[in-house]
Structure formats: C-alpha cells, structure tokens
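**Student:** for reference, the sequence and a predicted model appear below.
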Amino acid sequence: MSCYRAETSTLESGTTDGRDHNPLALMQPRAPAKTPVDLRNGARVKAHNIAPHGVYMPNYNVLTPHMRSPEYVQMSTAAAITLGIMKGRMYRCSCTRCLNLLLTYPEGCRANCAYCGLARHREAERDYADRNFIRVDWPAVPMAQVIDIVARDGAASPFHRMCISMITHPRSDEDTVTVLKQWTARIDPSAIPVSILSNPTTMAREDVKRLRDLGADIFTVALDAATPEIFDRTRGKGVQSPHSWKKYWEILSDARDIFGPQKFGAHIIVGMGETEHDVLALVQELVDLGGHSHMFCFFPEKGSLMDHLPATPRDQWRRVQLGRYLIDYRGARVERMKFDGEGRVTDFGVPAAELEEVIDAGVAFRTSGCPGKFADDISACDRPYGDSPPSNIASFPFPPNKRDIRKIRRQLRIVERKD
Ligand code: SF4
C-alpha cells in the first residue's frame with residue numbers, strides 16, 4: 001500500500017493547455033445532483049446494525065452505524081502508516097509529523113464544498129467512511145487505540161503535532177472537546193501540541209475559548225476560498241452548502257483574540273479562480289492580524305463537484321507559494337510587490353539576492369501548516385501528496401533537493417538564475 005493513488009488524467013497532473021493561471025470563469029463547479037431521500041443522512045449505513053471492530057479500512061463496505069466520533073476518528077493514510085496501523089511506503093518520505101484526526105459520523109459532513117471529497121452530495125454514491133479526501137483514503141480507528149500507541153511511544157513518537165479536524169455536523173463541537181480531553185489526559189500537550197482545524201459554521205466564541213482553555217495550541221479556520229465571491233460559489237449558496245464568509249471571519253477574529261499572535265491561521269486553496277494578488281493580499285491581511293496562512297494547491301478531487309476542472313498551473317502556484325513565504329516569514333509586503341493586469345506577480349518586492357537565497361533554501365515550496373519541532377517555518381503537517389501527484393509535486397513534504405529546485409525555477413519562469 002502506498003500513500004498516493006496512481007493518476008492518469010492530464011487535468012490532475014497540472015497540464016493546463018498552456019494557461020498560466022486558472023481564471024474565475026473557468027473554475028465553475030458542477031451543480032450538485034439531488035440525493036434520493038432514502039440515501040440521505042447516511043441512511044444506507046444506518047439501515048444496518050453491525051458493530052465496528054478495530055480499524056476500519058475504506059472500501060471494507062461494512063455498514064456500521066456505530067462507527068462515530070468521539071469513539072472513532074479517521075486519519076490520513078500517511079498518519080496511519082506513521083502510527084503503524086497500516087503498512088505502506090511514502091514516496092521520498094519516511095513519515096508524517098502531524099497526526100491529523102478527522103471526526104467521523106455515518107451521516108458524514110453536512111456541508112457541500114465543491115472541491116471536497118467529503119461533501120454531502122456524495123452520499124448517494126459512496127458511504128462516508130469509504131470516501132477519498134485530499135487524494136487519499138482515511139481509515140477509521142478507535143480513539144483509544146490511537147492514544148494508547150502515542151502514549152506507549154512517549155518521547156520516541158514521530159509526531160510533532162496532533163490536529164483535530166472538525167466537519168460540519170451537529171455533534172462536532174462537543175466531540176472535538178471530548179477528543180481533546182481524552183488526548184490531554186494521557187499525552188502532554190507541551191510534548192505534542194494540538195491544533196484545531198475548526199468548523200466555524202457550528203461554532204460560537206465560547207467554543208473557541210473552551211478549546212483554548214482545554215489545552216489546544218493553535219486554532220485554524222479553513223477559509224479555503226480567497227475571496228467572498230469564490231467562497232459563496234464553492235462553499236455557500238452556489239452549491240447548497242451552509243457556510244458563509246462572514247461567519248468564518250467572525251470565528252477567525254475570535255481565534256485571534258483568544259489564541260493570540262502566531263497561534264491562529266487560515267487555510268487558503270490557490271487556483272479556484274482568484275488572482276495571485278487576491279491571495280497575497282489575504283496572506284498580508286492575516287499576517288497584519290498576527291496570524292499565518294496555510295496554503296494548498298487546488299487539485300481536482302475525484303468525485304467532487306470540481307473534478308472536471310484543471311489543477312492549478314505550476315507557475316501560478318509557485319509564484320503564490322513564494323510570495324506567501326516572503327510575506328509570512330521574510331517581512332515582505334504585498335504593497336511592495338508588483339502585479340500585471342491579470343493580478344500575476346511580476347516583482348516580489350525584495351532584493352534579487354534575497355529572492356535567490358529563498359528559492360535555493362527551498363522551504364518556501366514545502367507543505368505549509370502549523371509548525372513542528374524543526375523550525376517555525378517548517379510545518380509539522382506535511383501531508384504528502386495531498387495537493388498533487390508525486391510526479392508533479394505542488395507542496396514538497398520533504399526538503400526539495402537541487403534537482404527539485406531546478407524544476408521549481410523552471411516553473412517560476414519569471415525568475416532567472418544569475419550564475
Ligand atoms: S466543511 Fe470541510 S469536510 Fe465538509 S465538505 Fe466542506 S471542506 Fe469538506
């Protein structure tokens with residue numbers, strides 16, 4: 001078993017018919033089909049009454065309505081391999097440093113985000129526990145078993161961070177609290193800190209505070225879309241999904257007040273129709289508020305409402321990755337950068353020598369996320385190949401080598417090496 005799927009579609013490999021960015025007009029999601037009443041809310045699973053036993057691998061197709069959080073959580077294939085629950089290898093990496101745990105319910109996520117493999121519209125086609133998400137399978141594991149393994153490994157644990165990812169479900173606020181309490185009762189949160197990937201739609205300010213008081217270290221909000229228009233199109237009314245830009249910003253602002261500087265952030269997906277300037281202006285806004293951005297390259301997830309659309313062209317992605325790193329960690333400012341008429345970066349607003357040094361260091365092109373134990377600008381959450389196939393890596397889950405850097409330079413196009 002490996003932690004990635006073989007990809008065949010040219011759309012998935014980043015081939016984009018010569019375009020160097022994904023324009024708004026192109027990136028229109030399909031309309032969700034109507035789900036038959038007898039298949040809604042996990043009905044197929046709930047019609048059976050089979051008790052779950054141990055680890056559940058996607059495609060077991062055992063319809064087990066009792067497999068739900070907080071007793072069960074799902075985890076990425078990479079986390080399951082690192083934890084020793086699944087056998088497998090990861091291309092060019094030995095482990096992931098973040099144990100990402102996803103709440104799970106037979107009803108699944110009740111939102112319908114257009115780019116997401118977990119979206120509600122899939123309930124007619126595929127049971128929740130069997131769905132792909134950010135390109136991989138997510139086995140379901142008893143939470144007690146997860147904690148036993150991490151507690152047993154103690155200081156030898158490979159994990160630098162744990163993350164509880166909420167989904168949109170009436171139980172997810174309460175169950176996040178339970179999972180966090182279970183974790184901190186056995187694992188010292190200063191040894192393996194906890195991040196919360198929140199679901200603002202069901203949350204209030206008191207929920208944010210409660211998670212901080214219970215020992216969560218970092219709170220993030222998955223804005224995903226870089227503009228209100230794209231948010232509404234991909235996560236709101238455009239796809240019959242309950243999220244709103246306003247509510248997401250309310251909770252982000254609560255997180256800023258409650259968790260404080262450098263302890264909150266937002267996820268952004270690049271290439272869903274926004275301009276490079278839109279993304280970097282948002283990155284700047286987050287930095288000015290005291291937070292960070294965690295950035296991903298749009299990838300057409302199979303089964304999602306955007307699976308017919310092209311992955312983000314690599315030159316658009318690399319320019320935004322580089323701009324984001326300069327703003328987040330090098331004190332660059334979006335106002336000092338230059339953009340062309342279509343919002344593409346033409347000048348990063350830093351001295352040429354600094355730009356060369358940052359590109360050569362390669363950290364700017366690694367997976368972004370909450371920090372681990374290596375350095376502030378190196379993410380614990382390295383999720384290999386969550387936003388690209390390994391044949392055309394978007395976010396590097398390991399330090400890019402010289403050959404990778406040469407490829408990155410070619411993808412950047414506007415950056416000519418001087419020596
Ligand atoms: S809320 Fe999160 S898990 Fe649910 S559909 Fe949207 S992106 Fe996917």
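**Tutor:** Yep, that arrived. Residues are numbered from 1 along each chain as shown.

**Student:** how far does the helix or strand where Ala255 lies sit from its chain's centre?
**Tutor:** Here Ala255, judged by DSSP states H and E, is contained in helix 245-259. Remark: helix 245-259 is offset 18 Å from the chain centroid, using C-alpha atoms, centre = their mean, to the nearest Å.

**Student:** now the element after it, going C-ward?
**Tutor:** strand 264-270.

**Student:** now the angle from that following strand to helix 245-259?
**Tutor:** 140 degrees (axes from the mean of the first three to the mean of the last three C-alpha atoms, to 10 degrees).

**Student:** how far away from the center of its chain is strand 264-270?
**Tutor:** 8 Å.

**Student:** I'd like the average pLDDT over that strand.
**Tutor:** Computed over strand 264-270, the mean pLDDT rounds to 97.

**Student:** ok, stretch 318-331 next?
**Tutor:** Per-residue scores along stretch 318-331 average to 97.

**Student:** format the CA atom coordinates belonging to it as PDB.
**Tutor:** Extracted C-alpha coordinates of stretch 318-331, given in PDB (Å, rounded to 0.1, in the frame of the first residue of the first chain):
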ATOM      1  CA  ARG A 318       4.900  28.700  -7.400                       C
ATOM      2  CA  ARG A 319       4.600  32.500  -7.600                       C
ATOM      3  CA  VAL A 320       2.000  32.500  -4.900                       C
ATOM      4  CA  GLN A 321       3.900  30.000  -2.700                       C
ATOM      5  CA  LEU A 322       7.000  32.200  -2.900                       C
ATOM      6  CA  GLY A 323       5.100  35.400  -2.300                       C
ATOM      7  CA  ARG A 324       3.300  33.900   0.700                       C
ATOM      8  CA  TYR A 325       6.600  32.700   2.300                       C
ATOM      9  CA  LEU A 326       8.200  36.100   1.800                       C
ATOM     10  CA  ILE A 327       5.200  37.800   3.500                       C
ATOM     11  CA  ASP A 328       4.800  35.300   6.300                       C
ATOM     12  CA  TYR A 329       8.500  34.800   7.200                       C
ATOM     13  CA  ARG A 330      10.700  37.500   5.500                       C
ATOM     14  CA  GLY A 331       8.800  40.700   6.200                       C
END
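
**Student:** the helix holding Ala255 close to the ligand?
**Tutor:** No: figure legend: helix 245-259 not in contact with the ligand (C-beta under 6 Å from any ligand atom); closest approach 10.6 Å. Where you see a C-beta, it was placed from the backbone N, CA and C, and this is true even at glycine.

**Student:** show me which positions of that helix end up buried.
**Tutor:** Of all the residues in helix 245-259, those buried under the rule 16 or more other C-beta atoms under 10 Å are Trp245, Lys247, Tyr248, Trp249, Glu250, Ile251, Leu252, Asp254, Ala255, Arg256, Ile258, Phe259.

**Student:** could you check how far the second one is from Pro228?
**Tutor:** Separation of Lys247 from Pro228 (C-beta to C-beta, to the nearest Å): 12 Å.

**Student:** Ala140 pairs with what?
**Tutor:** Tyr56, Gln74 (DSSP bridges).

**Student:** per-residue pLDDT, it?
**Tutor:** At Ala140, the model reports a pLDDT of 89.

**Student:** show the end-to-end separation of stretch 105-117, please.
**Tutor:** 15 Å (C-alpha to C-alpha, to the nearest Å).

**Student:** swap that for stretch 321-336, sorry
**Tutor:** From start residue to end residue, stretch 321-336 stretches across 17 Å - C-alpha to C-alpha.

**Student:** centre of the chain to that stretch, how far?
**Tutor:** Worked out by C-alpha atoms, centre = their mean, stretch 321-336 lies 21 Å from the chain centre.

**Student:** then stretch 285-294?
**Tutor:** Its chain's average C-alpha position is 17 Å from that of stretch 285-294, according to C-alpha atoms, centre = their mean.

**Student:** now do the buried residues in that stretch.
**Tutor:** Within stretch 285-294, judged by 16+ other C-beta under 10 Å, the buried ones are Leu286, Val287, Leu289, Gly291, His292, Ser293, His294.

**Student:** by contact count, what packs against the helix holding Ala255?
**Tutor:** Contact here means 3 or more C-beta pairs under 8 Å, 6 or more residues apart in numbering; DSSP states H and E; on that basis helix 245-259 packs against helix 205-213, strand 218-224, helix 228-235, strand 264-270.

**Student:** can I get these in JSON lines with distance to Arg40 and mean neighbour count?
**Tutor:** Converted to JSON lines, the helices and strands packed on helix 245-259 look like this (distance: least, C-beta to C-beta, whole Å; neighbours: other C-beta atoms under 10 Å):
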{"stretch": "helix 205-213", "distance to Arg40": "27", "mean neighbour count": "17"}
{"stretch": "strand 218-224", "distance to Arg40": "24", "mean neighbour count": "25"}
{"stretch": "helix 228-235", "distance to Arg40": "20", "mean neighbour count": "21"}
{"stretch": "strand 264-270", "distance to Arg40": "27", "mean neighbour count": "24"}
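
**Student:** quick revisit: which among the buried residues of helix 245-259 gets closest to the ligand?
**Tutor:** Tyr248 (10.6 Å; C-beta to the nearest ligand atom).

**Student:** can you pull the contacts of that closest one?
**Tutor:** Pro200, Thr201, Val221, Leu223, Phe231 (C-beta atoms under 8 Å, 6 or more residues apart in numbering).

**Student:** ok, now which ones touch Arg333?
**Tutor:** Arg333 touches Gln284, Ile327, Gly349, counting by C-beta under 8 Å, 6+ apart.

**Student:** contacting residues for the last one?
**Tutor:** In this case it means Gly349. Per C-beta under 8 Å, 6+ apart, neighbours of Gly349: Leu326, Ala332, Arg333, Arg336, Met337, Lys338.
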